[in-house]
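Undergrad: curious how this folds, go ahead:
(one chain, ligands or ions: 1)
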Amino acid sequence: MSNVLDLRSVDRRYGELTIFESLDLTLGRGEAAALLGPSGSGKSSLLHIAGLLERSSGGEVLIEGKNTSKLSDRQRTAIRRSRIGFVYQFHHLLPEFTALKNVMIPMLIAGHTEKAAKNRATELLERLGLGERLTHQPAQLSGGEKQRVAIARALINKPALLLADEPTGNLDQTTSSRVFDLFLSLVQDEGVAMIMATHDVTLAEKLPRILSISDRRLIG
Ligand SMILES: Nc1ncnc2c1ncn2[C@@H]1O[C@H](COP(=O)(O)OP(=O)(O)OP(=O)(O)O)[C@@H](O)[C@H]1O
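TA: So this is what the prediction gives:
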């Protein structure tokens, strides 16, 4: 079975500036890795390239064995929507919709029925301890609750790959640790491969694999 993600000799350059180069990485099904590195080392850039939000300056990106580097933007978007989920430091929920609807939307866009989307969204939100918050709007939720809704939204379409950029970085330490543990157990239950960029070494050490970017190279 193919890897979920293969990066082959991937570079990121901005003009004369090289952020990283010749970066190789494989991530198998259900494998979770933390990505450490100083500010500006290219952690977010790496997630954007792996998530097909940006093209690399050189090298190849394979998702589930498919080389995406030569695909059109439209084809890359189709893979991203169906196979990749994102969680960011800020939740980016739509303020006018309930928690339930925010989670359902990607599944509705993917063409599933209202009923199927509602069932799956309810199940995910319940597993994240938000069964009593389904009809709340984002303004009626705490920071940790909003972030849990964003996690459910990222997982609703059963992605093969989840890319998380400081997913609990905006929360106080106690909430961050609680939300992170829920997040990790759900990621493991769903069998999704994940890369999580973080500055928090304590959170990184909870993951089975630690990667870091240092001197423009990937280690680990
Ligand atoms: N469009 C751009 N043009 C030029 N340089 C850029 C551009 N986007 C990002 N950079 C530079 O690329 C480097 C890597 O940025 P990136 O956001 O990936 O780092 P990071 O490791 O995620 O940092 P942080 O931990 O602070 O979030 C930074 O030095 C940034 O200034």
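
Undergrad: show me what from the protein comes close to the ligand.
TA: Y14, I19, G37, S39, G40, S41, G42, K43, S44, S45 (Cβ under 6 Å from any ligand atom). C-beta: built from backbone N, CA, C; applies to glycine.

Undergrad: the last one and E54 touch, don't they?
TA: Spelled out, that is S45. Yes - using Cβ atoms under 8 Å, S45 makes contact with E54 at a distance of 7.2 Å.

Undergrad: which of these two has more residues huddled nearby?
TA: S45 (21 against 14; other Cβ atoms under 10 Å).

Undergrad: could you look up the SS state of that one?
TA: Of the three states, S45 takes helix according to DSSP: H, G, I helix; E, B strand; the rest coil.

Undergrad: how about the contacts made by it?
TA: Contact analysis of S45 by Cβ atoms under 8 Å, 6 or more residues apart in numbering lists R12, I19, F20, E54.

Undergrad: now do the same for it: its pLDDT.
TA: S45 is assigned 96 on the pLDDT scale.

Undergrad: and what of E190?
TA: 88.

Undergrad: again, but for L128
TA: Model confidence at L128, expressed as pLDDT, equals 90.

Undergrad: isn't it up against R148?
TA: Yes - L128 is within contact range of R148, at 4.3 Å (criterion: Cβ under 8 Å).

Undergrad: compare the two and say which is more crowded by neighbours.
TA: R148 (28 against 23).

Undergrad: tell me the first helix or strand C-terminal of the helix or strand hosting F86.
TA: Per DSSP states H and E, F86 falls inside strand 84-87. Moving toward the C-terminus from strand 84-87, the next helix or strand (DSSP H and E) is helix 99-109.

Undergrad: just the buried positions in that next one, please.
TA: For helix 99-109, a neighbour-count test (16 or more other Cβ atoms under 10 Å) marks A99, L100, K101, N102, V103, M104, I105, P106, M107, L108 as buried.

Undergrad: stretch 166-186 now?
TA: 166-171, 175-176, 179-180, 182-184, 186.

Undergrad: can you get me a residue count around E114?
TA: 10.

Undergrad: likewise for P95?
TA: Other residues close to P95 by other Cβ under 10 Å number 8.

Undergrad: that one contacts A139, doesn't it?
TA: Yes - assessed by Cβ under 8 Å, P95 is found in contact with A139 at 6.4 Å.

Undergrad: leaving out the residues flanking it, which one is nearest to N67?
TA: E60 (5.6 Å; Cβ to Cβ, 6 or more residues apart in numbering).
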